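Dropping a prediction and its sequence here:
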Amino acid sequence: MPIYEVSKENLNHTYLVIMKKYELLLVLPGTLDEKEAETRSNEILTVVKEYGKDADLAPMGKMRLAYPIKQIRYGYFYTIIFSAETKELKALQTKLGLLRDLLRAIISVYNPSYTPASKMSFTTTITGANRTNEEAVEVEKSDKPAEKPADKKVSIQEIDKKLEEILSGEIISGV
């Protein structure tokens with residue numbers, strides 16, 4: 001836990017301020033384009049720097065949300081790791097709540113043993129034990145050549161656009 005020494009001009013003594021590391025996970029709407037999302041994330045980074053120090057922004061990419069938030073199904077995920085005083089977190093959370101185009105903002109104590117990629121792939125079995133499936137798989141080889149699938153190629157952008165068209169309708173029709 002880093003400790004910073006701060007002196008106040010109006011006081012005749014120096015006191016210690018304890019600053020903890022925190023992680024802010026934020027979700028911006030997937031309806032923004034990448035440049036707009038980057039601009040909004042940089043605006044949020046400047047807000048975090050007002051309340052803390054050593055703020056680093058790390059983009060995690062565009063992903064589908066587990067459930068729609070404000071009728072939006074996709075979002076741009078970012079993490080900001082910063083140091084701040086505990087008493088500043090409430091003010092920061094309030095300020096983040098007032099920002100436009102911010103679907104979610106979750107502040108937690110930073111744990112350096114987790115990275116954004118490992119947080120998403122971490123699983124627990126039914127018994128509560130953590131494990132990874134690493135089993136050998138035997139592949140049968142045949143003498144005849146494999147059948148070639150049709151040569152119809154579709155780009156990822158076309159697939160994403162089609163999914164957006166399908167999913168952009170009402171979540172529950174008639175409600």
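Looks like it arrived, so ask away. Numbering: from 1, shown residues only.

The top strand by length along the chain: which residues count as buried?
With secondary structure taken from DSSP state E, the chain has its longest strand at strand 53-69. For strand 53-69, a neighbour-count test (16 or more other CB atoms under 10 Å) marks 55, 57, 60, 65 as buried. The C-beta positions use only the backbone N, C-alpha and C, and glycine is treated the same way.

Quick check: mean pLDDT of it?
Averaging pLDDT along strand 53-69 gives 90.

Show me what that strand is packed against.
If you count contacts as 3 or more CB pairs under 8 Å, 6 or more residues apart in numbering; DSSP states H and E, strand 53-69 packs onto helix 34-51, strand 72-84.

now, of those, which is deepest in the fold?
Among the helices and strands packed on strand 53-69, strand 72-84 has the highest mean neighbour count (mean count of other CB atoms under 10 Å), at a mean of 20.

Please put the alpha-carbon coordinates of that strand into CSV.
Taking C-alpha atoms only, strand 72-84 is exported to CSV below (Å, rounded to 0.1, in the frame of the first residue of the first chain):
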residue,chain,number,x,y,z
ILE,A,72,-28.1,-1.5,-25.4
ARG,A,73,-26.7,-5.0,-25.9
TYR,A,74,-23.0,-4.3,-26.7
GLY,A,75,-20.5,-2.2,-24.9
TYR,A,76,-16.9,-0.9,-25.0
PHE,A,77,-15.1,-2.1,-21.8
TYR,A,78,-12.2,-0.1,-20.2
THR,A,79,-10.3,-0.4,-17.0
ILE,A,80,-8.6,2.4,-15.2
ILE,A,81,-6.1,1.6,-12.4
PHE,A,82,-5.4,4.5,-10.1
SER,A,83,-4.4,5.5,-6.6
ALA,A,84,-6.7,7.5,-4.4
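
excluding its backbone neighbours, what's nearest Val48?
Using CB to CB, 6 or more residues apart in numbering and skipping residues adjacent in sequence, the residue nearest Val48 is Ala55, 4.8 Å away.

Identify the residues contacting that neighbour.
Applying CB atoms under 8 Å, 6 or more residues apart in numbering, we find Ala55 in contact with 45, 48-49, 80-82.

What is the nearest of the residues you listed to Leu24?
When these are ranked by distance to Leu24 (CB to CB), Ile80 comes first, at 4.3 Å.

my guess is Gly61 contacts Phe77, does it?
Yes - in this structure Gly61 lies within contact range of Phe77 using CB atoms under 8 Å: 6.5 Å.

circling back to that earlier point, out of the buried residues of strand 53-69, which comes closest to Leu96?
Ala55 (13.0 Å).

what pairs with Phe82 across the strands?
Counting by DSSP bridges, Phe82 forms beta bridges with Tyr22.

Just want the angle from the longest strand of the chain to strand 72-84.
160 degrees (axes from the mean of the first three to the mean of the last three CA atoms, to 10 degrees).
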